[in-house]
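Asks: Please work out how this folds:
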Amino acid sequence: MDDPRELDTSGADNLAGESEPQEPVSSDSLGASGGSVPIPSSGEPIEDSAPEEPEAKVDQSQARWYVVHCYSGYENKVKKNLEHRAESMAMLTHILEVIVPTEEQVELRDGQRRIVEKRIYPGYVLVRMILDEESWYVVRNTPSVTGFVGIGNKPTPLRQEEVDRIMRRMEAEQPVPQVKVQTGDKVRIVEGSFLDFHGTVDEVYPDKGKARVLVSFFNRETPIEVDLLQIERL
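Replies: Below is the predicted model of the structure:
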């Protein structure tokens, strides 16, 4: 018998038929963890899906405060409706804040001082927004809104000093008296040492909540300073 070491084995790889020699798989074709690369069952090569483009960012530093006119008494309703519309219409990136400017005021009712919350500008709402065609449409078509405040048909943003002044009034710690009189008004004093005296308003000090009134005292016109809540206009 021939030595088995001398048998020809050159055809052993072709017993099941002819086959092309395979190229070795390089490490670059493996996954990051060293595993095998998945092959689709259809035999089609895998195509990388295009990455989703991130949403364009809105530069909210460009937002300005605008004054919106509405029906008097509907200010809070307009605020609520506008906030809801901004959310439902995907405009929160452009309509950022809606406020109804209010402040606490002291008024005299039935001889008693009471603190009440009053609208600073009845019939108006402030909106901080980035104005473009879409955001304008959302605001302008909110129920009970009659339009923007501006020059002609163009909404005009508030100046920063105007915004700061409004915010200071809203954030004031001490309630302010209602100012129902002005210089030259004839008034009657309804409280205090000069009760039932009549006089003329000489000057009003809204920040102090007082007024200087000229009253006739011993047939002489005498200036006295009284609380704004102590006088009523005739």
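Asks: hey, let's count contacts and neighbours off CA atoms from now on
Replies: Noted.
Asks: Mind listing what's buried along stretch 214-222?
Replies: Leu214, Val215 (16 or more other CA atoms under 10 Å).
Asks: swap in stretch 146-155?
Replies: Thr146, Gly147, Phe148, Val149, Pro155.
Asks: got a list of contacts for the host helix or strand of the second one?
Replies: Think Gly147. Per DSSP states H and E: Gly147 is located in strand 145-148. Applying CA atoms under 8 Å, 6 or more residues apart in numbering, the external contacts of strand 145-148 come out as Tyr66, Val67, Val68, His69, Cys70, Tyr71, Val78, Val139, Arg140, Lys154, Pro155, Thr156.
Asks: Look up how far Trp65 lies from Met91.
Replies: 16 Å (CA to CA, to the nearest Å).
Asks: Those two: which has the busier surroundings?
Replies: Applying other CA atoms under 10 Å to Met91 and Trp65 shows that Trp65 carries more neighbours, namely 21 against 18.
Asks: Find the nearest non-adjacent residue to that one, please.
Replies: Spatial nearest neighbour of Trp65, excluding adjacent residues (CA to CA, 6 or more residues apart in numbering): Arg128 at 4.2 Å.
Asks: cool, Thr142 as well?
Replies: With CA to CA, 6+ apart, the residue lying closest to Thr142 is Leu82, at 6.1 Å.
Asks: got it, and Glu221?
Replies: Val215 (5.4 Å).
Asks: If that neighbour is in a bridge, with which residues?
Replies: With DSSP bridges as the criterion, Val215 is bridged to Gly199, Thr222.
Asks: Check what pLDDT it gets.
Replies: If you check Val215, the pLDDT there is 93.
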